[in-house]
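Participant: sequence and predicted structure, then a few things I'm wondering about:
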Amino acid sequence: MDDNERLIAEFMKQSRQDIADNGFTERVMRGLPESKPQHDWLPTIWNVVMMVIVAILFVALGGVGILKNVLYQYLNNALTRGIDTRWVMVMMVAFVCYVCQKALKTA
């Protein structure tokens, strides 16, 4: 929780006001049906199936070779133009971590 969220939560806690409703809220809450935790599996299954299809197509259509060539050309240009390759590697690792993090959040 960052500082803004903490400040808002603290403000809301201090500003809380109870309104007398003669037990109305409790009666309504007791009258509601119990919620059962449900998980809709269809979107999850669909995401997994699509990720597998994309991975298969990526490999089948030569995506690995294309990606390898792009990275090779990028590093080759970096080396021939005198760019410090350590920063190129750090950027590549950061990019891969970013992509993996986004993929895990959406899964």
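Facilitator: Here it is on my side, so go on.

Participant: what helices and strands are in contact with whichever strand or helix holds Asn4?
Facilitator: Asn4 belongs to helix 3-14 when assigned by DSSP states H and E. In this structure, helix 3-14 makes packing contacts with no helix or strand, judged by 3 or more C-beta pairs under 8 Å, 6 or more residues apart in numbering; DSSP states H and E. Yep, even glycine has a C-beta here, placed from its N, CA and C like the rest.

Participant: can I get that helix as CSV, trimmed to CA atoms?
Facilitator: C-alpha atoms of helix 3-14 as CSV (Å, rounded to 0.1, in the frame of the first residue of the first chain):
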residue,chain,number,x,y,z
ASP,A,3,1.4,6.6,1.0
ASN,A,4,-1.6,7.9,-0.9
GLU,A,5,-3.7,4.8,-0.2
ARG,A,6,-2.6,4.8,3.4
LEU,A,7,-3.6,8.4,3.8
ILE,A,8,-7.0,7.9,2.2
ALA,A,9,-7.6,4.8,4.4
GLU,A,10,-6.6,6.7,7.5
PHE,A,11,-8.8,9.7,6.5
MET,A,12,-11.8,7.4,5.9
LYS,A,13,-11.3,5.6,9.2
GLN,A,14,-11.2,8.9,11.1
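
Participant: in the longest helix seen in the chain, which residues are buried?
Facilitator: Secondary structure of the chain per DSSP state H: the longest helix is helix 85-106. Within helix 85-106, the residues scored as buried using 16 or more other C-beta atoms under 10 Å are Val88.

Participant: about what we covered before: any idea which helix or strand comes after the helix holding Asn4?
Facilitator: helix 24-31.

Participant: and that following helix, what other elements does it pack with?
Facilitator: Using 3+ C-beta pairs under 8 Å, 6+ apart, helix 24-31 sits against no helix or strand.
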